[in-house]
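Student: Quick one: sequence plus predicted model below, questions after.
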Amino acid sequence: MFIDTIIKTIIIYLCKKTKMCGITGGVSSNIKQNELFASVNSLKHRGPDNQAVFVENNIGLGHSRLSILDLSEASNQPLVSHSGNYVMVYNGEIYNFQELKEKHKIHTKTTSDSEVILELFEKLGVNFVNELNGMFAIAIYDKQTSDLFLFRDRLGIKPLFYYLADNQFAFASEIKALFDFSFVKKEIKKEVVVSFLQLGYIPEPNTFFNNIYKFPAGHYAVFSNGKIKLHEFWKPEKTVTTETVKDLKSAKSKLNSLLVDSVQKRMIADVPLGTFLSGGIDSSLVTAIAQKLSAKPVKTFSIGFKENKFNESQYAKQVAGYLKTEHHEFMVSENDVLELVDTYFNAYDEPYADSSGFPTMLVSKLAKQYVTVALSGDGGDELFHGYGSYLWANRLSEPIFKISGKPLALALSNADNRYKRIAKMLDFKAAADVKTHIFSQEQYFFTQKEITKLLKYENLKFDRYKFETKRILTPSEEQALFDIKYYLKDDLLTKVDRASMQYALEVRVPLLDHRIVEFALNTHHSLKIKNKEQKYLLKQVLYDYVPKKYFNRPKWGFSIPMERWLKTDLKYLLDKYTSKEIVEKYNLLDYEQVENLKKDYFNGQTFLYNRLWLIIVLHKNLEV
């Protein structure tokens, strides 16, 4: 009797301290307690201070916890509501939970946000999600109706995947945890290879596997009677208004106010906190505001490569010195990054080609020695137009390029590497394809023409992205909206989540407070790119904190020398995963095209390196 009661409520399984927060669960007549434990265990690298599961009838919920707020055992999950009617597992942080607690007169036994979330759901129902400010993936089980509710934050900062087939359902923070359920089948979805070769990631809602999906950002769902029904509660394009903010003074004042409030909310923690500081615009602004709000020097972290070309740490050091932060500079060798190759491939669960994940992992690993929470500057480029792709979007919309683009591309195709790249940029099929084309060429990935030749199967489908908004967007605004909806979420935020949580470090992104996103989407484009100066408005706010002289240099990404490594340190990967044996084994790509690509790369067209990296990553992920 006692054991039966335990099984029908919560079975708590304590283990050694591991890393990061993760959630998992399933609804199936085949739900098994040992499989649920295995799924939780697959997420242990996400850093729990506690592991636990809930099992009742055909439902199972699992949670691994990284303690951030209220470090007591009372805040462990799965969490049962005061009434006993609801059970929740949750990953993320709600930054306005204290305000919501007071506003809705919620009584809690702990000081964590988790309890507020669950009681707020019981009080308001699914509409409670509209009041949340934060990053979250939430699962709530209704014991009265046997319905399961899922919620994911507006920007998709926190990951959530689900499997649905044959009336059986499972969800998890990472794909790998789904395969611990025996009813989840591991079958490759070949159709998504097209998107991967063009974008370097697989965009929502697809994954690399049949019947496994990325839960859409800004949505909630109800799983009931073997079916899932998705509901949208926020979408960036639906926040676009007919009028925009054009006055620099008022825009600057409003943005600064939003930034200060966002950073302040994200500094709430019961564990040590710091910031990533690259010395660039975005991270410097977040750090400057955090330093101003803090009663003591903020811990800041940067890495620099001993190989000088990739060492930007001097700029971070200068900004840190000006702000008087407690700065930690980690000087690493290229070999330190190379040692992470296996970790990199294991972290992402599906083809993912953003090699900046390597240094992001490294700085996360090193920062974890000092803090449990870090603030980053992600989102600034997408919101305030910092990428070269936005300039290209404007250029390619001009009449002269529409008329002379293809002839000019042909003329430049036999020139040096720089002009070959421009030729690729100018040569695209149709205006409907321009957003993905510009992105692919800025990232050195494959064009549609190249993919058509490279892939062996026919009837290729290239996704086209068109957004309906209340006002007509400029080409750069459309390109930025594409990045916010896909690149930011399915590449950059994925990178930061997996890289940081691999080492039990929680990263918060103040620039992606949804209020700032909505403000940016409705700020006039002339305040984002002014006289060809990108991120103009954001810079004006920054210069009130840190003098302009610290940023008079070209933009430089968080990169590694992949162009050279594929000829040297990583050549073993190139040799193996572009070999005839491997290419013909998986039978997705035309070997002759792969071989020609390698020859061109070794014969001096070094800008092709990322195309080869895509092939390596694809074939590596096909290994059993």
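Tutor: Yep, that arrived.
Student: Helix or strand next in line after the longest helix seen in the chain, which one?
Tutor: Across the chain, the longest stretch assigned as helix under DSSP state H is helix 248-265. Following helix 248-265 in sequence order, the next helix or strand is strand 273-276 (DSSP states H and E).
Student: Return the alpha-carbon coordinates of that following strand using PDB.
Tutor: Taking Å, rounded to 0.1, in the frame of the first residue of the first chain, the C-alpha atoms of strand 273-276 are listed here in PDB:
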ATOM      1  CA  LEU A 273      26.500  35.800 -11.300                       C
ATOM      2  CA  GLY A 274      28.600  37.400 -14.000                       C
ATOM      3  CA  THR A 275      28.600  38.500 -17.600                       C
ATOM      4  CA  PHE A 276      30.300  37.300 -20.800                       C
END
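Student: Within its sheet, name the partner strands of it and how each one runs.
Tutor: According to DSSP bridges, strand 273-276 forms sheet pairs with strand 299-305 (parallel), strand 373-375 (parallel).
Student: And the contacts of it?
Tutor: Residues from elsewhere that reach strand 273-276 (Cβ atoms under 8 Å, 6 or more residues apart in numbering): 267, 283, 286-287, 290, 298-302, 325, 363, 367, 370-377, 507. Bear in mind the C-beta positions are built from the backbone N, C-alpha and C, glycine included.
Student: hmm, try it at 6 Å
Tutor: Contacting residues not belonging to strand 273-276 are listed as 283, 286-287, 290, 299-301, 371, 373-376 [Cβ atoms under 6 Å, 6 or more residues apart in numbering].
Student: For the residues you listed, which entry has the maximal number of neighbours?
Tutor: residue 287 (31 neighbours; other Cβ atoms under 10 Å).
Student: Can you report how many residues lie near residue 548?
Tutor: There are 10 residues near residue 548, going by other Cβ under 10 Å.
Student: Look at the nearest residue to it once chain neighbours are set aside and give its secondary structure.
Tutor: Distances taken as Cβ to Cβ, 6 or more residues apart in numbering place residue 539 nearest to residue 548, at 7.7 Å, with adjacent residues excluded. Counting by DSSP: H, G, I helix; E, B strand; the rest coil, the backbone at residue 539 sits in helix.
Student: ok, now how distant is residue 539 from residue 566?
Tutor: Using Cβ to Cβ, to the nearest Å, we find residue 539 at a distance of 35 Å from residue 566.
Student: More neighbours: the two, which one.
Tutor: Between residue 539 and residue 566, counted using other Cβ under 10 Å, the more crowded position is residue 566 (24 against 18).
Student: For that one, list the residues it contacts.
Tutor: Applying Cβ under 6 Å, 6+ apart, the residues contacting residue 566 are 574, 609, 612.
Student: element containing the first one?
Tutor: I take that to be residue 574. helix 571-577.
Student: Show me how far the helix or strand just after that helix is from its chain's centre.
Tutor: Tracing the chain past helix 571-577, the next element assigned as helix or strand by DSSP H and E is helix 580-586. Mean-position distance between helix 580-586 and its chain equals 31 Å (Cα atoms, centre = their mean, to the nearest Å).
Student: What is the least confident helix or strand in the chain?
Tutor: Ranked by mean pLDDT, DSSP states H and E, the weakest helix or strand in the chain is strand 10-13, scoring a mean of 34.
Student: what about residue 140, how many neighbours?
Tutor: Neighbours around residue 140, by other Cβ under 10 Å: 24.
Student: and what of the one 4 residues further on?
Tutor: The tally of other residues near residue 144 (other Cβ under 10 Å) stands at 10.
Student: Check the one 5 residues further on too.
Tutor: Counted with other Cβ under 10 Å, the neighbours of residue 149 add up to 20.
Student: how close does it get to residue 87?
Tutor: 11 Å.
Student: same question, residue 44
Tutor: Distance of residue 44 to residue 87, computed by Cβ to Cβ: 21 Å.
Student: thinking again about what came up before, so what's the residue nearest to residue 548 scoring on pLDDT?
Tutor: What the model reports for residue 539 is a pLDDT of 98.
Student: ok, back up a step: who does the longest helix of the chain touch, helix- and strand-wise?
Tutor: helix 281-293, helix 514-521, helix 536-542 (3 or more Cβ pairs under 6 Å, 6 or more residues apart in numbering; DSSP states H and E).
Student: Name the residues that touch the shortest one?
Tutor: This points to helix 536-542. Taking Cβ under 6 Å, 6+ apart as the rule, helix 536-542 contacts 251-252, 255-256, 281, 285, 380, 384, 527, 530.
Student: From the residues you listed, list just the buried residues.
Tutor: For the contacts of helix 536-542, a burial check counting by 16 or more other Cβ atoms under 10 Å picks out 251-252, 255-256, 281, 285, 380, 384, 527.
Student: Just put the contacts of residue 566 in TSV and tack on pLDDT.
Tutor: TSV is the format used below for those (pLDDT from 0 to 100):
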residue	pLDDT
574	97
609	97
612	98
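Student: ok, and the most crowded of those?
Tutor: Busiest of the contacts of residue 566 [other Cβ under 10 Å] is residue 612, holding 23 neighbours.
Student: Going along the chain, name the helices of the stretch 301-450 of the chain.
Tutor: Ranges of helices within the stretch 301-450 of the chain are 313-323, 334-338, 341-348, 357-367, 380-384, 388-396, 399-412, 417-426, 434-442, 448-454, based on DSSP state H, counting those that start in this stretch.
Student: Of those helices, which is nearest residue 475?
Tutor: helix 388-396 (4.0 Å; Cβ to Cβ).
Student: Quick one: list the elements packing against that closest one.
Tutor: helix 434-442, helix 475-482.
Student: circling back to that earlier point, turn the buried ones among the contacts of helix 536-542 into TSV, including pLDDT and distance to residue 316.
Tutor: Formatted as TSV, the buried ones among the contacts of helix 536-542 follow (pLDDT from 0 to 100; distance: Cβ to Cβ, whole Å):
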residue	pLDDT	distance to residue 316
251	98	28
252	98	25
255	98	23
256	98	22
281	96	12
285	98	13
380	98	16
384	98	20
527	98	27
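Student: Could you export the residues you listed as JSON lines, including distance to residue 621?
Tutor: Formatted as JSON lines, these follow (distance: Cβ to Cβ, whole Å):
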{"residue": "251", "distance to residue 621": "44"}
{"residue": "252", "distance to residue 621": "45"}
{"residue": "255", "distance to residue 621": "40"}
{"residue": "256", "distance to residue 621": "43"}
{"residue": "281", "distance to residue 621": "34"}
{"residue": "285", "distance to residue 621": "36"}
{"residue": "380", "distance to residue 621": "30"}
{"residue": "384", "distance to residue 621": "34"}
{"residue": "527", "distance to residue 621": "42"}
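Student: and which of these is nearest to residue 183?
Tutor: Nearest to residue 183 among the buried ones among the contacts of helix 536-542: residue 380, at 42.5 Å, using Cβ to Cβ.
Student: Would you quantify the distance from that closest one to residue 534?
Tutor: Taking Cβ to Cβ, one finds residue 380 at 10 Å from residue 534.
Student: residues contacting residue 226?
Tutor: So residue 226 contacts residue 167 (Cβ under 6 Å, 6+ apart).
Student: list the contacts for the residue most central in space within the chain?
Tutor: Residue closest to the average C-alpha location in the chain (Cα atoms, centre = their mean): residue 493, at 1.6 Å. Residues in contact with residue 493, defined by Cβ under 6 Å, 6+ apart, are residue 157.
Student: What helix or strand is it located in?
Tutor: Residue 493 belongs to helix 493-501, assigned by DSSP H and E.
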